[in-house]
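Engineer: sequence first, predicted coordinates after that:
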Amino acid sequence: MITLGHYLVVSGMLFALGLAGVIARRNIIIVYMCLEMMLSAANLALVGFSRYHLVNGLPDYTAQSLVFFTITVAAAEVAVGLAIIVALFRTKQSVDVESVTKLQG
Amino acid sequence: MSVLEIIIALPLLAALAVWLGAPARAASLGATFVNLALVLYATVQYAAKPAGLAFTNARVVLENPAISFAVGADGVSLILVLLTSLVMLAAVWQIEDRPNIFYISSLLIGGGAMGAFLTTDVFFIYAFHELALIPTFLMIALHGRADAAQRKAVAWKATIYLGAGSLVLLAGLAWLVLEFSGGSKLTFDLEALRNQAQLTPLPAAKQAQIFFVLLLGFGTLVSLFPFHSWAAPAYATAPTPVAMLHSGVLKKFGLYGLIRIALPLLPQGAQVEWVQNALLLMLLGNILVMGLVTIHANRLDDTLANSSVMHMGYIFLGLAAGTEIALKGAVLLMFAHGVSIALLFGLCGRMRNQLGTLEYNKLGGLATHAPAFTVLFAFGAFASIGLPGLANFAGEVMVFAGSFTEFKAGELSNLHWTVILALWGVVMSAVYMLRAYRNIFHGSANTGLFMTDPVFSQRLPFILLAATLLITGCCPWLLLNLMKSAL
Amino acid sequence: MHASIILLLPFFSALLILLGHRQLKGASVLISVGSSIISFIACLFFLAADDDNRLLLPFIEVGTFNAGIDALIDKQSRGMMFIVSFVGMLVHIFSLGYMKDDEAKPRFFGSLSLFMFSMTGIVLAGNLFMMFIFWELVGLSSYLLIGHWYQKASAAEACKKAFLTNRIGDFGFMIGILLLFGANGGNVNLIDLETAFTSGPLRPDAPGYSAGFTTAAALCIFLGAVGKSAQFPLHVWLPDAMEGPTPVSALIHAATMVAAGVYMLVRVSFLVTASPLAAEIIAGIGCGTALLAALMATQQNDIKRVLAYSTLSQLGYMVMAVGAVAMAAQHGHQGAHAADPGHPAMFHLYTHAFFKAMLFLGSGAVIYACHHEQDIWKMGGLRKHMPVTFWTFAIGTAALMGVPFLSGFWSKEAVLGAAYDSGCKVLFLAGAATAALTAFYMTRLLIVAFFGKPRTDSAHHATEAPMVMILPLAILSIFSVLSGYDVLAAPLQAMKPPHVEGHQTVLFASLAALVLGVGAAIYLYRGKDKDPVSIKLFANKFYFDEIYTVIVRVCQDRLAWIVTALERVFVDGIVARLPAAIIARLGAATRMLQGGHLQGYTFLLGGGVIAVIYLVVFVLPRLGH
Amino acid sequence: MSVFTIEAGLALLGLVLLLVEAFKPDISRRTLGLTAIAGTASALVLLPFCGAPLPSFMQPWHLLDTLALFYKGFAIVITLLVLWLTLECAPYLTRFTVDGKLAEMFSLPLIVCSGMMWMASARDLVTVFVALELITVSFYVLVAFARKSAFSLEAGVKYLILGALSTGILVYGIAWIYGATGTMSFEGIGKALANPATSKSTALFGTALILCGLGFKVAAAPFHMWVPDVYQGAPTPVTAFLSVGSKAAGFVVLTRALEAFLASGSIISSEVQAFLLVIGSLTVLLGSLPAMFQTSVKRLLAYSSISHAGYLLLALACRETARFELSSGGIVAFYLATYLPMTVLGFLGLGLIRANGLGEDIKDFNGLAKRNPTLAFFMTISFASLAGLPLTAGFIGKLFVFLGLADHGYWGALSCAVIAAAAGFYYYFKTILAMYTTEGVETTALTLSTASKAVAGVLVLI
Amino acid sequence: MPPLLFYLLALITLGFGFMVVTGRNPVSCALSLAACFVGLAALFLSLDAYFIGVIQILVYAGAVMVLFLFIIMLLDIKAEEGRKLSFAPIISGVLVAVLLVMQIITVVSSSAIANKSSTNTPLALTESAGKIGRAAALPTITNDLKEGTLPDAKLIGFTLFDQYGFHLQVVGLLLLVGTIGVVVLSKRERSSAP
């Protein structure tokens, strides 16, 4: 019997997975992928909630439209982010997080 | 528009003018002269009918919490303002070929002190004092008499102490305001707070707590033992006018605050046993410990700086006694000490500039070549050891007498024992002052270090202070009359 | 009226001279001397003034505390006033000659006037606070005068020593005043205090009477006198004070200021009377000082020091008298030696003032003649060179020794009588012994300095002093002969105690002492060129100075050093450095967080989230509200 | 005429500027900048006349109360200042931009501004999210704008990763709050939380996540670690914009969200309150303690802005006041209002010194008083105010916070705040002192455009 | 839905997600991310969110992934083969993840809504046909509902344009800003400066 709980746990695991990746990986592009994963995990939670929060018998579409926005925003973020990463690569010839440690203290 | 507002504004405006390039000396001297004149005018006015707050005027700044720029003066504040304007005049006057910042800072410190003494709104009382602290700190750090690193260290020490003290003080004041704001609005108006305090007085225990916080806060500003160790190096390092103004005037702010804010609002606070004992202990620390430290000093500026820390003990004694006589004595003593220490620091500064050293074992026999200078110094020195006929004596004796008013033949309370020990401090101050005097002015003239009397115009500021000492020393009632209704 | 003239005239002359001596050069001398003369004349009128106690100037009036400048005019103050202004005037005149070629003359005369002012204040003082004020001021003026030749290290040290020693005395004096102030409800007016002690709330049988308090108050006040009148153990400053110009020694350190202590004690004799213990201690200290000083005097070679120690011992005499009279009073010998009308101490003070002042001035003349040579062994044979000085000096010596029918004789007998009545034999015997010693060392002085043949050419070429210096000597000699007799004593209100009969013992004792002392001296010193006897202990003044130096070094300098160190280390360290250090550490630590590594940041962020969730979701709800 | 016109208008102006720059490449940046400034200024002028009620279709997500209006005005002002600051700093900014183009530096702030204005009146989480993202993404671009400077780029990367992370957290939080309460509008959330049936742990979980997400935006510890690096790396005007604009935006959302979370009878109010206190205390400390050891003024200002955020959080924590009418919203608004001029002034000085070819280290301030007394004077005022010295606006703000804390008896937090303030005295004075030390390296007089003088003067007066 | 299917999908999602996190080669990471998203999309479908599922595939697995791959290729980033990995971050990452998961599980298990399921909260399409409020303006929606099919896309569309029209604009603006950003940040310097 699959309950909302299952979905939430899956989304949570995905979220945690993403977080772990963000923390552990050194390749900025992969870090960025992990970030996207986290966003999608959030989406999963949202959709799950919206499905089981019925407004007069139908899923709550306000939540789903938020998901829609999230995806769009994520796309935009990816665009900008990748642009920045490219710029970084151009100057530093590397996408390693360890290549940006000048600013500190 | 009250005359007090002009008195406050004048130095600050003058400072601004000098900053913007007005002729420094002329502007400053002019401002301070006019200021002194105004203060004298106000004092005379008040002396005619010495009752309550005079020249009051309030401008609302904030509705809630109620903060207003309210000025007003009674005997106590007038005496301190008189002190301020005298010392400020002398300090500005004795500056010789120094950059403008000397004038600016002197004016700022003076103006800040004026504001602190004349406003009757806790917020501004506090604010003006802080305003006066900045230039002090800057001047010590920038134009102090030591190599850059050392003077910066000294300046930092002073700033951190004073800053911390001010924050504790702020906490205490905030507590007061929270306790005594009647109704649903916070108010900073001293009168309102006082009324509320009279309407609904706090339990003595709580008063004691608040009073203690205030005591620590104000005490740090007055270099109350053991929060004093900023003072001596700061004064020893500070440029002459700053040393004069801070030790002479600004330092008195803490005491003024205690008399003006803490005591009226927390009448039982100071009398609660543990607070009083703590205070007595601390002030004994000031008198005895610092007395010995002073005796140990072997440079004039150290001696003066430490002595000025030590003498605070007597004023605190007056507060601790809390009787009318003692309090008025304390105020008198504040005035006297301010004038005398300013005089001494001023002369000390001259000596340092001319001789380059202040170490006793290098000096000697200056009296031979600089008799007038010697006489002036003697005025300051003997005043500060409480010689009758000079201002400090009346204050000290009043403090002592005031502490003995409720004395039953037979039993001596802690207070009385403290007074007796404090009296021994008088002996100690004689020891170090005479030592200084003997080492510097007596003995055979040391040909290596040669110094002559300042020209007459440069003598005048010191003569002004010395004369003040003599007059108030012979006729303390001149000042006491101002305080007829106060306290 | 007269009172205020006498008081303020010297004040203004002092102010004028000290502040403006640059402008008015020679004039300052005239101002000073003139003022002294005027105030002497005023004082003559003053002698006729009738008792009262009126306020001259306001000083402090707050609540119960009002210490004004008021004059208590009665027999004692009138008499004392006469002494002060009379001797003062003579010394002024004498100084004209003595200080003729001193470049700092104005300062000298200014200080002299200042002294006259303060001394007058003490004499007139109607309440203890006023007395304290002028008490300190005479201290100042004596400081200035002793330090007149401040270039001399010895003088500089001496004046410092004098002031500080007096400060210690004043410390006690102030405590005493405060005790009385508190106990008597803020009223320290002498008359009121007397009533309070005799019939008021402080009388022995009053409720809440505390003997301890009375004794304490009496002794504290007495400490003031100890300082001013150079009693043991605070006597060390007086001999050194001889560094000052001789006229000063005559006026301040012989006739008037040092006597102020005694005067004050007499003023508060009701207090002494009220406390037996205090009375005994006072008498004891008095006679101890008398004896010790006399012993020291026997071995001094500096003419002024001999006189100084003699002064000490005479002061001891007076103090002893005060104590003795009080003891006598406690034993019920009222009337005989009561403080009023005549008090032995005051009487001795009175006579002593004249002859001791004269002796000092005489020695001054001698020193002046010998070009500031003070060692008596370098003099000799001065009798022929300066006869007038010699004769006056001789008269003075005789008076001091208490040769019958000279003033000293009467007063000394009175004092011994008091000691006798006190019932304490020790006092009496010590007194007698002191008398003998006095006779001894004075004779020694006279013989060595004036008889025999000159031992140095400075003594050889000594010539008689000028008129201005001779005149005061002459006048004083007259007084030291006559002042014991009612002829002078009565109009001058010398408080001469009625000469009571039945003291044969006393009479014989004093005569015996005289004969003994003189005989011994003549026998020992006749025609000697160097001191036949030398007793190190006496010569070195019982090593008091050395002991005190040690005490000061240990109890003050070492202590100061230690305390300073502690203050630096602990107070500063704990209050200032420690917190600063802690904050600094924290700052550095927190700064470590900013490693600049992205991974570190993300970790912190993730960890933060975990922590926050843990806090908010799992901890806080448990805590409840 | 309604506020919406202004909001849309500003965004539109931004786009127009872009187009112009695109099609007329040779247009001088001065004209662009001045146009932008003029537009913003006119917006500011028009703002008071926008009382008109909003069209009904906007009501559900667009709230127009005094708070919103205040923050809208705030946004416009800061944008104005930033634009002008950009103009001032243009000379050295262009050195790090491609082809010395700055057009986006003028247009993006306008868009950000409208984003902030929308945020100010957001009444549901969707709007918050969208507006917030608009701002954030624009800031990604702005921070990395001077990309020829390695610092700017590094800052861009760091901000990008951490910002995206925080966005993820925020969205996840929104999801959970939605799950717990079944709605996204603040009123709805408030109502739901007031209803005891709502699952507490779920609500708390969501709240915690959201607070973390917002905490990142307002630079609250422990989510502050991006601030120093990013602020230091970003072009000075952008830093100013970040430290005032985006912080203010974060706080307005925080205020709104807290209104919901701490609604009367809310089941989680006490937890949230405690959380705010803890975070606030932590923030003031973590902000001021490291600041004492900074040598770069810009970084110092960054830390100081952290600690100021801490004070603001503490102010938010004193929610319903015990006795006195100091509404925390009011305090926050006042604090921000005072914080704006002094910070901008600080960055202005920084920018000008930078524009005169000096670095951003404290030692570069040496002898400023000699080189340019006026600027030194302004800077002194600004730093004194940041330090919270009496008679300066900053003091009153701090005082209110202290009073509020004392009023509630939050002694722990109060002591932290006091310690932080004490530390603050130290590092601000260190800079002030530097300005007056005469051993200045070289005493070349700094040039200061009259305009900037004027503006600075105005700022000082505030 | 059958649990088995759910677990399968979950496994796909998480498994590929795990590969993203652990993969050494960026390309493989990107591809596994795409796969992960596909699984996610399937989960969306299983939650009756067809539209979302579709755009998840289109936007993410399609556009975004392509973008990623494109960039990776463009910069031809070497695989992290040679570089030995540093353990501190990995351990901390794992730690944080584990803790987070534990927390989430606790929260989920403690909250009531978590055990809603398609059985205890079924969609009531036909009943809801009457009470869809303003959406009724669109007859198609009502008709679909009456037929018992969920007009998912239509309903989302309606919500978007009815409630969130403004937000759409803003997001559009956002995308524009993104574009500007990309242009600003990645345009090359004109080498020949006139």
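Structural biologist: It's in.

Engineer: tell me where the model's unsure across chain E.
Structural biologist: Per-residue confidence for chain E (pLDDT under 70) gives these ranges: E:1, E:78-85, E:189-194.

Engineer: poorly predicted segments of chain A, please.
Structural biologist: Residue ranges of chain A with pLDDT under 70: A:105.

Engineer: swap the cut-off to 80 and go again
Structural biologist: Residues of chain A that meet the criterion pLDDT under 80 lie in A:1, A:56-57, A:99-105.

Engineer: residue contacts, the spatially most central residue of it?
Structural biologist: The centre of chain A sits closest to A:Leu39, judged by C-alpha atoms, centre = their mean, with a distance of 2.5 Å. Contacts here follow C-beta atoms under 8 Å, 6 or more residues apart in numbering or on different chains; on that basis A:Leu39 touches A:70, A:74, D:167-168, D:171. Just so you know, the C-beta spots here come from the backbone N, C-alpha and C atoms, and that holds for glycine as well.

Engineer: mind doing that once more with 7 Å?
Structural biologist: Residues near A:Leu39 by C-beta atoms under 7 Å, 6 or more residues apart in numbering or on different chains: A:70, A:74, D:168, D:171.

Engineer: so what's the second one closest to, chain neighbours aside?
Structural biologist: In space, not counting the residues next to it along the chain, A:Ala74 is nearest to A:Leu39; the distance is 5.0 Å by C-beta to C-beta, 6 or more residues apart in numbering or on different chains.

Engineer: okay, and the one you found sits in which element?
Structural biologist: helix A:28-52 (DSSP states H and E).

Engineer: ditto for C:Asp102
Structural biologist: Mapping C:Asp102 onto the secondary structure by DSSP H and E places it in no helix or strand at all.

Engineer: and it, how many neighbours?
Structural biologist: A total of 14 residues lie near C:Asp102 under the criterion other C-beta atoms under 10 Å in any protein chain shown.

Engineer: so how far is D:Leu389 from the residue nearest to it when sequence neighbours are not counted?
Structural biologist: Leaving out its chain neighbours, the residue that sits closest to C:Asp102 by C-beta to C-beta, 6+ apart is C:Phe108, at 6.5 Å. Distance, C:Phe108 to D:Leu389, by C-beta to C-beta, to the nearest Å: 57 Å.

Engineer: just D:Leu258 next, same as before
Structural biologist: Computed as C-beta to C-beta, the D:Leu258 to D:Leu389 distance reads 30 Å.

Engineer: try A:Ile30
Structural biologist: A:Ile30 sits 49 Å away from D:Leu389, taking C-beta to C-beta as the criterion.

Engineer: with D:Thr202 instead?
Structural biologist: 46 Å.

Engineer: which of the three states applies to C:Ile574?
Structural biologist: helix (DSSP: H, G, I helix; E, B strand; the rest coil).

Engineer: nearest residue to it in space, please, no chain neighbours.
Structural biologist: In space, C:Ile574 is closest to B:Pro226, 7.9 Å off (C-beta to C-beta, 6+ apart).

Engineer: the helix ranked longest in chain A vs helix A:28-52, what angle?
Structural biologist: Counting by DSSP state H, the longest helix found in chain A is helix A:61-92. With axes from the mean of the first three to the mean of the last three C-alpha atoms, to 10 degrees applied, the angle from helix A:61-92 to helix A:28-52 works out at 180 degrees.

Engineer: centre of the chain versus helix A:61-92, how much separation?
Structural biologist: Remark: helix A:61-92 is offset 9 Å from the chain centroid, using C-alpha atoms, centre = their mean, to the nearest Å.

Engineer: how near is the residue of the stretch 201-350 of chain D found nearest chain A to chain C?
Structural biologist: Nearest to chain A in the stretch 201-350 of chain D, going by C-beta to the nearest C-beta, is D:Asp229, at a distance of 3.9 Å. Distance from D:Asp229 to chain C, counting by C-beta to the nearest C-beta, to the nearest Å: 6 Å.

Engineer: find the helix or strand that that residue is a member of.
Structural biologist: For D:Asp229, the element it lies in under DSSP H and E is helix D:226-233.

Engineer: who does that helix touch, helix- and strand-wise?
Structural biologist: helix D:150-181, helix D:297-317 (3 or more C-beta pairs under 7 Å, 6 or more residues apart in numbering or on different chains; DSSP states H and E).

Engineer: mind checking what helix or strand follows the longest one in sequence?
Structural biologist: When you say that, I think you mean helix D:150-181. Sequence-wise, the next helix or strand downstream of helix D:150-181 (DSSP H and E) is helix D:186-194.

Engineer: quick one: is the helix or strand following that following helix near chain A?
Structural biologist: Downstream of helix D:186-194, the first helix or strand assigned by DSSP H and E is helix D:200-217. No - against chain A, helix D:200-217 shows no contacts by C-beta under 7 Å from any C-beta of the partner chain, the least distance being 9.4 Å.

Engineer: now helix D:200-217: buried residues?
Structural biologist: D:200-217 (16 or more other C-beta atoms under 10 Å in any protein chain shown).

Engineer: if we check chain C, which of these are in contact?
Structural biologist: Subset of the buried residues of helix D:200-217 in contact with chain C: D:200-201, D:204-205, D:207-208, D:212, counting by C-beta under 7 Å from any C-beta.

Engineer: reformat these as TSV; add pLDDT.
Structural biologist: Below are those laid out as TSV (pLDDT from 0 to 100):
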residue	pLDDT
D:Lys200	85
D:Ser201	87
D:Leu204	90
D:Phe205	91
D:Thr207	91
D:Ala208	92
D:Cys212	92
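
Engineer: check those one by one and keep those near chain B.
Structural biologist: Near chain B, judged by C-beta under 7 Å from any C-beta, there are no entries from those.

Engineer: now the longest helix of chain A and helix D:150-181, what's the angle there?
Structural biologist: 160 degrees.

Engineer: so what secondary structure elements neighbour helix A:61-92?
Structural biologist: Packed next to helix A:61-92, using 3+ C-beta pairs under 7 Å, 6+ apart, are helix A:28-52, helix D:125-143, helix D:150-181, helix E:50-55, helix E:65-74, helix E:152-162, helix E:165-186.
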